[in-house]
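Undergrad: I'll drop the sequence and a predicted model, then ask my questions.
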Amino acid sequence: MPGPISQPQTLADLRTLPELLRWRVRATPAAEAYRHFDGKAARWVSQSWREIEAEFEPWRRALAAEGFAPSERVAILMPNGIPHIAMDQAALSRGLVPVPMHAVDNPDSIAYILADSGALLLFVDTLERWRAIVATGQKLDALKRVVCADMTGPGPADARIIALDAWLAAAPGATAPLPDVVVEPSDLAAIVYTSGTTGRPKGVMLSHDNVIANVQAIARRIAAEPHDVFLSFLPLSHTFERTGGYYYPIAAGACVAYARSVPLLAEDLRHMQPTVLISVPRIYERVYALIMQHRAAAGTLARVLLDLTIAVGGRRFDARQRRCAPSLPDRLAWPLLKRLVADKVLARLGGRLRVAVSGGAPIAEPVIRLFLALGLDILQGYGMTETSPVVSVNTPDDNDPHSVGHVLDGVEVRLGENAELLVRGRSVMLGYWRKPDETRRVKEADGWLHTGDQARIENGRITITGRIKDILVTSTGEKIAPVDLETAILADPLFEQALVVGEQRPFLTALVVLNAKAWVQEKERLAASGKKGGAAEQAALLARIAVAVKAYPSYATPRAVWWTLDPWTIAGGLLTPTLKNKRPALERRFAGEIEQIYAKKPRQ
């Protein structure tokens with residue numbers, strides 16, 4: 001098997017991503033690498049590192065046959081799975097630059113990224129999606145090849161399109177593996193486009209050294225084991241999943257199981273029984289909401305048992321973190337509570353999870369405290385696409401749920417003006433693709449990156465306190481972080497989505513999407529108490545919101561609410577592909593409703 005002249009012996013010796021894969025294949029060729037669901041055979045399939053390396057080889061040859069020069073871009077618009085990583089690895093081995101795109105992004109955004117990156121090849125899942133991209137009218141003159149996994153249905157006449165099977169079959173065969181193109185650590189390993197919460201996405205240029213440095217630092221902080229199973233469902237276009245759920249398992253020699261889809265996630269969790277889960281808070285919030293709905297409908301004994309489990313488990317967690325002394329009653333009660341309650345709840349997540357990492361957004365305290373009390377180590381971390389992405393993370397034996405953990409080895413942090421968190425290190429991006437002015441605005445000449453987040457740093461531990469650009473200033477001069485309030489509101493299972501507005505207004509308003517089932521139950525409760533109509537419903541919603549944000553100052557409590565059952569979607573342009581609110585888009589969409597609210601006298 002070909003490799004560098006001097007083959008790396010340890011993870012610390014690696015310099016590029018092609019080296020990482022080759023090193024893993026040599027180290028544990030027979031170990032399980034991936035599991036995925038074979039739709040044609042209707043069964044789960046397992047592959048070893050040796051087998052997956054052999055499967056990648058035709059992809060390398062097909063891509064080499066295109067004749068692209070090193071540093072050219074290859075766009076990947078595919079859901080998580082073996083084809084996605086096969087194209088990624090093929091591109092990396094040829095010195096090309098993968099441009100991963102969110103498989104659920106809207107066509108206009110996809111077309112913009114294709115044009116901006118100057119991608120020469122697009123790997124797309126369906127012909128229907130390609131038709132939608134063409135329909136945007138965006139000129140894609142640089143695009144020379146479109147490889148389509150599913151050619152079902154009529155498509156636009158275009159000589160660039162070829163079916164995946166035909167593309168792979170046309171590649172020249174050989175008896176020996178294709179040698180990798182020589183890649184330097186400073187070469188681009190990806191252009192990852194940011195979510196674009198406030199405008200067009202920007203292409204973050206990450207080098208091989210950026211990503212390898214982050215993988216090495218993560219491995220020194222949280223040691224995954226070869227027997228671990230990661231369940232992959234966050235988009236591989238998300239740097240959090242890309243580094244933590246794709247490249248890092250290669251470094252650890254762990255197995256990655258690819259979930260079939262988000263709707264089937266609960267079933268896949270139970271079937272795959274992962275030991276490591278990388279997720280955004282929304283998954284934990286949904287499980288929390290189900291638990292709270294079950295509690296509300298349960299009998300007295302079940303409610304008492306759950307509440308007792310949370311109380312005892314919470315004290316056990318604090319004792320394990322050396323924040324209090326363990327008590328004899330808690331030690332005696334826990335085995336029974338674990339069997340009757342905790343194990344049954346955690347069975348929803350497969351029953352074998354030993355660690356779950358949460359990132360991308362803050363997680364509400366009631367949510368994380370519930371899982372910690374049940375015995376699941378949820379570790380909050382902090383990072384951003386521009387830092388490859390992990391900057392800090394908690395660990396099981398040093399877990400402060402109010403913070404995002406200690407800084408990784410090799411990463412420097414300090415506070416700048418307005419308590420802004422600044423980051424420097426090998427994992428900090430090269431810059432924004434074709435946007436030198438934007439790069440200079442966020443990255444200083446000496447390497448310090450401006451994150452835009454406000455923070456506290458205490459003994460190397462980071463606590464994020466707000467987002468500079470997201471601070472609302474009311475007409476009374478109060479400064480409020482709306483994301484914190486939205487996170488708190490979403491801890492109530494009645495609320496599926498939330499947006500808090502009030503810039504230069506006399507009070508705050510919450511726009512919320514309600515959980516349909518929970519809303520029916522709430523209206524039945526109101527009717528039983530003789531309360532009906534819009535005024536009663538608004539009063540009830542405001543009361544629940546007030547409880548959710550009670551930890552914040554009174555001026556931060558929304559005094560008006562507008563609600564709907566229609567979810568905000570990515571396709572509708574209201575959410576980023578990572579499910580973050582597109583605040584300007586939401587405010588434009590509901591501008592009429594917002595104006596009507598402020599034209600009325602609010603509820604006191």
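TA: Arrived safely, thanks for sending. Residues are numbered from 1 along each chain as shown.

Undergrad: what are the ranges of the helices in the stretch 201-350 of the chain?
TA: 208-221, 239-242, 248-252, 265-272, 281-297, 300-320, 328-337, 343-346 (DSSP state H, counting those that start in this stretch).

Undergrad: Comparing the ones you listed, which comes out most buried?
TA: helix 239-242 (a mean of 26; mean count of other CB atoms under 10 Å). Bear in mind the C-beta positions are built from the backbone N, C-alpha and C, glycine included.

Undergrad: who does it touch, helix- and strand-wise?
TA: strand 188-193 (3 or more CB pairs under 8 Å, 6 or more residues apart in numbering; DSSP states H and E).

Undergrad: Partner strands of the strand it packs on, with direction?
TA: Strand 188-193 pairs in its sheet with strand 203-207 (antiparallel), by DSSP bridges.

Undergrad: State the mean pLDDT of the strand it pairs with.
TA: In this model, strand 203-207 has a mean pLDDT of 98.

Undergrad: what's the answer for stretch 257-274, then?
TA: Mean predicted confidence for stretch 257-274 is 94.

Undergrad: Same check on stretch 371-386?
TA: Mean predicted lDDT for stretch 371-386 stands at 96.

Undergrad: was I right about residue 538 contacting residue 561?
TA: Yes. With contact defined as CB atoms under 8 Å, residue 538 reaches residue 561; the gap is 5.9 Å.

Undergrad: Looking at those two, which one has more neighbours?
TA: Neighbours per residue (other CB atoms under 10 Å) separate residue 538 from residue 561, with residue 561 holding more: 23 against 15.

Undergrad: hmm, what's the outermost residue in this protein?
TA: Computed with CA atoms, centre = their mean, the residue of the chain farthest from its C-alpha average is residue 530, at 43.6 Å.

Undergrad: residues contacting the residue most central in space within the chain?
TA: For the chain, residue 280 is the residue whose C-alpha lies nearest the centre (CA atoms, centre = their mean; 4.8 Å). Applying CB atoms under 8 Å, 6 or more residues apart in numbering to residue 280 gives the contacts 234, 240, 358-361, 578-579.

Undergrad: got it, and residue 353?
TA: 274-277, 346, 376.

Undergrad: which two from the residues you listed end up farthest apart in space?
TA: Farthest pair in the contacts of residue 353 (CB to CB) is 276 and 346. Separation: 14.1 Å.

Undergrad: Ranking helices and strands of this structure by mean pLDDT, which lands last?
TA: strand 479-480 (a mean of 79; mean pLDDT, DSSP states H and E).

Undergrad: Check which element follows the biggest strand by length in the chain along the chain.
TA: Secondary structure of the chain per DSSP state E: the longest strand is strand 449-458. Remark: after strand 449-458, the chain's next helix or strand is strand 461-467, criterion DSSP states H and E.

Undergrad: Who are the packing partners of that following strand?
TA: By 3+ CB pairs under 8 Å, 6+ apart, strand 461-467 packs against strand 390-393, strand 406-407, strand 449-458, helix 482-489.

Undergrad: looking at those, which is closest to residue 592?
TA: When the helices and strands packed on strand 461-467 are compared (using CB to CB), the closest one is helix 482-489, at 20.1 Å.

Undergrad: hmm, who's touching the closest one?
TA: 281, 361-364, 466-467, 470, 472, 495, 498-502, 508, 510, 512, 545, 548-549, 551-552, 556, 558, 581, 583.

Undergrad: So which of the residues you listed are in strands?
TA: 466-467, 472, 495, 498-501, 510, 512.

Undergrad: Closest one to residue 290 out of those, please.
TA: residue 495 (14.0 Å).

Undergrad: Just the terminal-to-terminal distance for stretch 269-281.
TA: Terminal residues of stretch 269-281 are spaced 16 Å apart (CA to CA, to the nearest Å).

Undergrad: before we move on, what about stretch 24-41?
TA: Using CA to CA, the distance between the terminal residues of stretch 24-41 is 29 Å.

Undergrad: Could you do stretch 473-480 as well?
TA: End to end - CA to CA - stretch 473-480 spans 6 Å.

Undergrad: and what of stretch 405-417?
TA: Note: stretch 405-417 ends 22 Å apart using CA to CA.

Undergrad: same deal with stretch 567-582?
TA: 13 Å.

Undergrad: That stretch: how far from the chain's middle?
TA: Chain-centre distance of stretch 567-582: 14 Å, with CA atoms, centre = their mean, to the nearest Å.

Undergrad: Could you pull out the buried residues of it?
TA: 568, 570, 573-582 (16 or more other CB atoms under 10 Å).

Undergrad: ok, now stretch 416-423?
TA: 421-423.

Undergrad: go on, stretch 499-517?
TA: 499-502, 505, 507-515.

Undergrad: How about stretch 252-268?
TA: 252-260, 265-266, 268.

Undergrad: Check stretch 402-413 too.
TA: For stretch 402-413, the neighbour count (16+ other CB under 10 Å) marks 403-408, 411, 413 as buried.

Undergrad: For the residue farthest from the centre of the chain, what are phi and psi?
TA: Reported as degrees, to the nearest 10, the phi and psi values for residue 530 are phi 80, psi 20.

Undergrad: And the pLDDT at it?
TA: pLDDT, read off for residue 530, is 85.

Undergrad: thinking again about what came up before, which of the buried residues of stretch 567-582 fall in helices?
TA: Residues of those located in helices (DSSP state H): none.

Undergrad: Put together a markdown table for those residues, with distance to residue 178 and pLDDT on each row.
TA: As requested, the buried residues of stretch 567-582 are exported to a markdown table (distance: CB to CB, whole Å; pLDDT from 0 to 100):
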| residue | distance to residue 178 | pLDDT |
| --- | --- | --- |
| 568 | 46 | 95 |
| 570 | 37 | 85 |
| 573 | 42 | 86 |
| 574 | 44 | 90 |
| 575 | 41 | 87 |
| 576 | 37 | 82 |
| 577 | 33 | 75 |
| 578 | 35 | 73 |
| 579 | 39 | 79 |
| 580 | 40 | 83 |
| 581 | 45 | 89 |
| 582 | 43 | 88 |
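
Undergrad: Now the two most distant members of those residues.
TA: 573 and 578 (14.4 Å).

Undergrad: Low-confidence regions, this structure specifically.
TA: Applying pLDDT under 70 to the chain picks out residues 1-6, 156, 195-199, 601-604.

Undergrad: if we go to 50?
TA: 1-5, 603-604 (pLDDT under 50).

Undergrad: Give me the domain ranges for it.
TA: 11-183+222-229+237-254, 471-599 (automatic domain parsing).

Undergrad: just the strands in the stretch 501-604 of the chain please.
TA: 509-514, 560-564 (DSSP state E, counting those that start in this stretch).

Undergrad: For the buried residues of stretch 252-268, please prepare TSV with the additional fields distance to residue 391.
TA: TSV is the format used below for the buried residues of stretch 252-268 (distance: CB to CB, whole Å):
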residue	distance to residue 391
252	20
253	25
254	22
255	27
256	23
257	27
258	27
259	27
260	32
265	27
266	31
268	30
